[in-house]
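**Q** using only what follows, build the 3D model:
(one chain, ligands or ions: 1)
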Amino acid sequence: MITITAPNWVPDFAKGLVRDLRARWALEEAGLEYQVNLVTIEERQTPAYRERQPFSQVPAYQDDDLKLFETGAIVLHVGRKSATLLPTDPAGQARATAWVFAALNSIEPFIMGLVNLDLFSPDEPWAKQARPQSEAMVKKRLSDLAEHLNGRDWLEDRFTAGDLMMATVLRIPRHTDLVTSDRTLAPYLARCEERPAFKKALADQMASFKA
Ligand SMILES: N[C@@H](CCC(=O)N[C@@H](CS)C(=O)NCC(=O)O)C(=O)O
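**A** A predicted model of the protein is given here:
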């Protein structure tokens, strides 16, 4: 049975954004059965957990043959089991993979830079000073993305793992209107979030915090 880890607790601002959502969503899209192992902060520091996730983070993934970490790797691994996530033709698969990397490499770091300033150090003078440049960088990447998406429903000619990853990244700056005010990105994100697999994954993540 496939198992993923998820945190047993997070602060309110992180609920619905925790990265196990990516693994849950991919597994739902693929129609694969899985179980979720809720782990405490202390458990994540143990050698046994760090063997599964060297940075003590969530999620970690395990199936009969493989222990895996990093959501990009997990989503691509699950994607190879499902044509819903990754086209079976090599070119289509490579393009979808490129968008997974783009989300994680070209957009998420800038969004996380802004989030770190806004949510973790809002009152620090250095954070106030750095914010305009940080926001400008996010806006530039988002506008590049919007330009690509203009007139398209998905990053490629159909939904892929690239859209899944991009949507989870675009959800992160929800304390701002950077995505929701954009006439291309807002409906794109809504389209992704309308998918039944996303709704199920999100509902399950939220339910795990209630439990
Ligand atoms: N690059 C990792 C990031 C995972 C990550 O940041 N997980 C967060 C929860 S969303 C976490 O475990 N944070 C606690 C920590 O970094 O110590 C991935 O994509 O899997």
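**Q** ok, now which ones touch the most centrally placed residue in the chain?
**A** The centroid of the chain falls nearest to Thr168 when counting by CA atoms, centre = their mean (3.6 Å). Counting by CB atoms under 8 Å, 6 or more residues apart in numbering, Thr168 touches Leu17, Arg19, Leu21, Arg22, Trp25, Thr71, Ala103. Heads up, the C-betas are built off the backbone N, CA and C, glycines and all.
**Q** now name the helix or strand holding it.
**A** helix 161-170 (DSSP states H and E).
**Q** which of the residues in the helix or strand just after that helix are buried?
**A** Downstream of helix 161-170, the first helix or strand assigned by DSSP H and E is helix 185-193. Across helix 185-193, burial judged by 16 or more other CB atoms under 10 Å covers Leu185, Tyr188, Leu189, Cys192.
**Q** mind giving me the packing neighbours of the very next helix or strand once past helix 185-193?
**A** Remark: after helix 185-193, the chain's next helix or strand is helix 196-210, criterion DSSP H and E. With contacts defined as 3 or more CB pairs under 8 Å, 6 or more residues apart in numbering; DSSP states H and E, the packing partners of helix 196-210 are helix 20-30, strand 34-39, helix 185-193.
**Q** the shortest one: partners in the sheet, and parallel or antiparallel?
**A** Looking back up the chat, that one is strand 34-39. strand 2-7 (parallel) (DSSP bridges).
**Q** tilt between the partner strand and helix 20-30?
**A** 150 degrees (axes from the mean of the first three to the mean of the last three CA atoms, to 10 degrees).
**Q** touching strand 2-7 from outside, list them.
**A** 18, 20, 23-24, 27, 32-41, 49, 52-53, 58-63, 74, 205, 208.
**Q** could you rerun that using 6 Å?
**A** 20, 23, 32, 34-39, 58-63, 208 (CB atoms under 6 Å, 6 or more residues apart in numbering).
**Q** ok, and which of those reach the ligand?
**A** Filtering the contacts of strand 2-7 for proximity to the ligand by CB under 6 Å from any ligand atom leaves Val58.
**Q** perfect, that will be all.
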